[in-house]
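>>> Got a predicted model here, sequence first, then my questions.
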Amino acid sequence: KDANEFLMAGASEEYKSCWWAAKKYTLEGVLNSPEDFLKVYRETQDSKYYPTGITDLDSKLLGLMQGFFTVLTAPEGIGKTELMRYFEYHFLSTYPELSIATCHLEESSRRGLLGLVSYDLQRNMTRKDLITEAGTNTLVEETIVKLTKEERLYQFNLSVDEDPDNLLQKIRYFKEACGCDFVFFEPIQDLGYSRQSNETLEQYLSGLSTKLARLASELNVGIVTIAHENDDGEIRDCRMIGKRAGVVVRLSRDKMNPDPDIKNTMALMVTKNRPASDTGFGGNMTFSPEAFTLTEAQG
């Protein structure tokens, strides 16, 4: 550390060599040299995208992206949770290399699981009484084993008294320890309502959204959530949720229409698309009350 120590040790040539070969000091995390930037180019992991199976949506987004924070927005009762469940099942059934983690704060673990079973069986198996009535208990249990036997599905929750900031640590755990490629959770506003800080609701949700967007990029994990809208079409409680997101898909449905075909058809609109830039109409999805599932509308 001291030049005199080199001289006293008779190592003046070594000192001169170290002096002339010394690199410029830069703070940790700062890139400056050609070697630094070539390393970024050569070694940074690509953000993969996985098509959703919805033709018009994939034409805009290419698919759901790893490394990005995606938000589905709509007023309550439009079908945001069901679209998220469609994505979850599509990824599990289409991409055997993917692992996902899911958290639906407004429903029980069993309800979330039986929602996936309904997609696999294409019939409404979302309640135990429906299963008993149909005499399909054995079939449902076989389907549960089928969906979970490779341990690619992780289901988690946040307890009532738990600090919602723990979500960030759980996402890191699912990515780094479990190898999950996507984490689905909803709704984001509920985390703000149970915050344990002195921040306002808007401040907390803005900070959380920023952290989620940065975490998605840092870990190269896809983070997908749901945000409720006000009647005026703005994201409730904190507009910054959408501003921090890399992708925003807005859902709409005429849920009071007397025509059941119109009533059960949901339109998707890509309003923000940082990864692929293209925005606009993202397709229609039709809900089947009999199967309790969404499918892409034809025509």
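Good, I have the coordinates.

>>> So what sits opposite Val183 in the bridge?
Partner residues in beta bridges with Val183, using DSSP bridges, are Ala101, Ile223.

>>> burial count for Asp190?
Applying other CB atoms under 10 Å, we find 15 other residues in the vicinity of Asp190. Any C-beta I mention is one placed from the backbone N, CA and C, and that applies to glycine too.

>>> C-alpha coordinates for the lengthiest helix in the chain, PDB please?
In terms of residue count, the longest helix belonging to the chain (DSSP state H) is helix 201-219. Below are the C-alpha coordinates for helix 201-219, written out as PDB (Å, rounded to 0.1, in the frame of the first residue of the first chain):
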ATOM      1  CA  LEU A 201     -50.500   4.200  -0.200                       C
ATOM      2  CA  GLU A 202     -49.400   5.900  -3.400                       C
ATOM      3  CA  GLN A 203     -45.800   6.300  -2.200                       C
ATOM      4  CA  TYR A 204     -45.600   2.700  -1.200                       C
ATOM      5  CA  LEU A 205     -47.100   1.300  -4.400                       C
ATOM      6  CA  SER A 206     -44.900   3.500  -6.500                       C
ATOM      7  CA  GLY A 207     -41.800   2.300  -4.600                       C
ATOM      8  CA  LEU A 208     -42.900  -1.300  -4.800                       C
ATOM      9  CA  SER A 209     -43.500  -1.100  -8.500                       C
ATOM     10  CA  THR A 210     -40.100   0.400  -9.100                       C
ATOM     11  CA  LYS A 211     -38.400  -2.400  -7.100                       C
ATOM     12  CA  LEU A 212     -40.400  -5.100  -9.000                       C
ATOM     13  CA  ALA A 213     -39.400  -3.600 -12.300                       C
ATOM     14  CA  ARG A 214     -35.700  -3.500 -11.300                       C
ATOM     15  CA  LEU A 215     -35.800  -7.000  -9.800                       C
ATOM     16  CA  ALA A 216     -37.300  -8.400 -12.900                       C
ATOM     17  CA  SER A 217     -34.400  -7.000 -14.900                       C
ATOM     18  CA  GLU A 218     -31.700  -7.900 -12.400                       C
ATOM     19  CA  LEU A 219     -32.900 -11.600 -12.100                       C
END
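
>>> Tell me which residues of it come out buried.
204-209, 211-213, 215-217, 219 (16 or more other CB atoms under 10 Å).

>>> Which neighbouring elements make contact with that helix?
Under the contact criterion of 3 or more CB pairs under 8 Å, 6 or more residues apart in numbering; DSSP states H and E, the helices and strands touching helix 201-219 comprise strand 69-74, helix 166-176, helix 188-193, strand 222-228, helix 240-244.

>>> now for these, which one comes closest to Thr200?
helix 188-193 (9.3 Å; CB to CB).

>>> Just the residues contacting that closest one, thanks.
Under the contact criterion CB atoms under 8 Å, 6 or more residues apart in numbering, helix 188-193 has outside partners 71, 105-106, 158, 164, 167, 201, 204-205, 208-209, 225-228, 236-238, 241.

>>> Kindly recompute the last result at 7 Å.
Applying CB atoms under 7 Å, 6 or more residues apart in numbering, the external contacts of helix 188-193 come out as 105, 164, 167, 201, 204-205, 208, 225-228, 236-237, 241.

>>> Next: stretch 257-277.
Residues from elsewhere that reach stretch 257-277 (CB under 7 Å, 6+ apart): 57, 60-62, 65, 68, 78-79, 242, 245-255, 279-287, 297.

>>> Quick one: end-to-end distance for that stretch.
Taking CA to CA, to the nearest Å, the span from the opening residue of stretch 257-277 to its closing residue is 33 Å.

>>> Tell me if I am right that Asp163 is in a strand.
No. With DSSP: H, G, I helix; E, B strand; the rest coil as the criterion, Asp163 is coil rather than part of a strand.

>>> Got the confidence number for it?
At Asp163, the predicted lDDT confidence score is 94.

>>> before we move on, the earlier item: mind putting the buried residues of helix 201-219 into a markdown table with distance to Leu38 and pLDDT?
Conversion of these to a markdown table gives the following (distance: CB to CB, whole Å; pLDDT from 0 to 100):
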| residue | distance to Leu38 | pLDDT |
| --- | --- | --- |
| Tyr204 | 40 | 96 |
| Leu205 | 39 | 97 |
| Ser206 | 36 | 97 |
| Gly207 | 35 | 96 |
| Leu208 | 35 | 97 |
| Ser209 | 33 | 97 |
| Lys211 | 30 | 97 |
| Leu212 | 30 | 98 |
| Ala213 | 27 | 97 |
| Leu215 | 26 | 97 |
| Ala216 | 25 | 96 |
| Ser217 | 20 | 93 |
| Leu219 | 23 | 95 |
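
>>> and the closest residue in space to Ser217 that isn't next to it in sequence, what element?
For Ser217, the nearest residue in space outside its immediate sequence neighbours is Gly67; the separation is 5.5 Å by CB to CB, 6 or more residues apart in numbering. Counting by DSSP states H and E, no helix or strand carries Gly67.
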